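Participant: from the sequence below, what's the structure:
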Amino acid sequence: MDGEQKLEHARERVIEAISQNMNLYGVTESVGRLYGALYFQEGPLTLDDMKEELGMSKTSMSTSVRSLLELKMVGKVWRKGVRKDLYQAEPDWYQTFIDFFTVKWRAGISINVSAMEKSLRELRSLLEDESVEELTKEKARLDIEKLTSALEYYDWLNRLVDSFESEEIFEFIPKKR
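Facilitator: Residues are numbered from 1 along each chain as shown. Next up is the predicted model:
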């Protein structure tokens with residue numbers, strides 16, 4: 001095996017590992033393979049370049065690039081004199097992690113907090129309703145305690161997300177040892 005073959009083999013091993021683990025980001029292996037291939041490129045590529053490199057259809061390639069753009073794992077790059085869109089992998093894996101997970105966490109927090117707050121209002125109104133049986137009221141009190149505790153967790157999670165977005169997290173867990 002010559003040097004170029006060894007280089008390609010080493011890159012392919014990493015690309016394969018990335019593609020297999022992309023389910024953490026909620027994307028398919030082919031999207032992971034595209035990210036891995038872009039990561040090792042010397043410069044940005046057009047959709048046609050990527051299609052040729054990976055042998056994927058243009059439609060599949062376009063969909064995969066759109067997924068990576070939404071995840072902020074790939075960005076569009078402008079180059080004077082080039083009329084087609086150019087794409088490049090985000091090389092900063094810390095930023096990729098922060099961008100992806102903070103968006104997902106914020107969405108999850110918002111959905112859950114909204115549902116819990118609505119349920120808390122309904123449960124509290126049960127406690128005020130004289131026609132509701134005492135056993136039901138006791139169950140509602142327990143649920144209120146559980147939801148109040150859960151909302152404390154989501155407050156903590158929001159502060160954790162804030163620490164990622166502000167990069168304050170790196171004061172506690174530095175990027176390098």
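Participant: now do the phi/psi pair for Leu71.
Facilitator: phi -80, psi 0 (degrees, to the nearest 10).
Participant: which helix or strand in this structure has the lowest average pLDDT?
Facilitator: Ranked by mean pLDDT, DSSP states H and E, the helix or strand of the chain with the weakest confidence is helix 47-54, at a mean of 84.
Participant: what sits up against it?
Facilitator: Applying Cβ atoms under 8 Å, 6 or more residues apart in numbering, the contact partners of helix 47-54 are 33-34, 37-38, 45, 56-58, 61-62, 65, 84-85, 87. For glycine as for every other residue, the C-beta is placed from the backbone atoms N, C-alpha and C.
Participant: tell me the helix or strand right after it.
Facilitator: With elements assigned by DSSP states H and E, the helix or strand that comes after helix 47-54 is helix 58-70.
Participant: does Lys175 really touch Gln95, like I thought?
Facilitator: No: between Lys175 and Gln95 there is no contact under Cβ atoms under 8 Å: 10.7 Å.
Participant: ranges for the strands of this structure?
Facilitator: With strands called from DSSP state E, the chain shows them at 74-77, 86-89.
Participant: list the buried residues of the first one.
Facilitator: This means strand 74-77. Within strand 74-77, the residues that count as buried by 16 or more other Cβ atoms under 10 Å are Val74.
Participant: and what of the last one?
Facilitator: By neighbour count, and taking 16+ other Cβ under 10 Å as the criterion, the buried residues in strand 86-89 are 86-87, 89.
Participant: picking that back up, okay if I get the contacts of helix 47-54 as TSV plus distance to Val14?
Facilitator: Formatted as TSV, these follow (distance: Cβ to Cβ, whole Å):
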residue	distance to Val14
Arg33	11
Leu34	14
Ala37	10
Leu38	12
Leu45	18
Met56	19
Ser57	24
Lys58	26
Met61	20
Ser62	24
Val65	20
Lys84	27
Asp85	26
Tyr87	19
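Participant: most neighbours out of those, which is it?
Facilitator: Neighbour counts for the contacts of helix 47-54 (other Cβ atoms under 10 Å) peak at Leu34, which has 31 neighbours.
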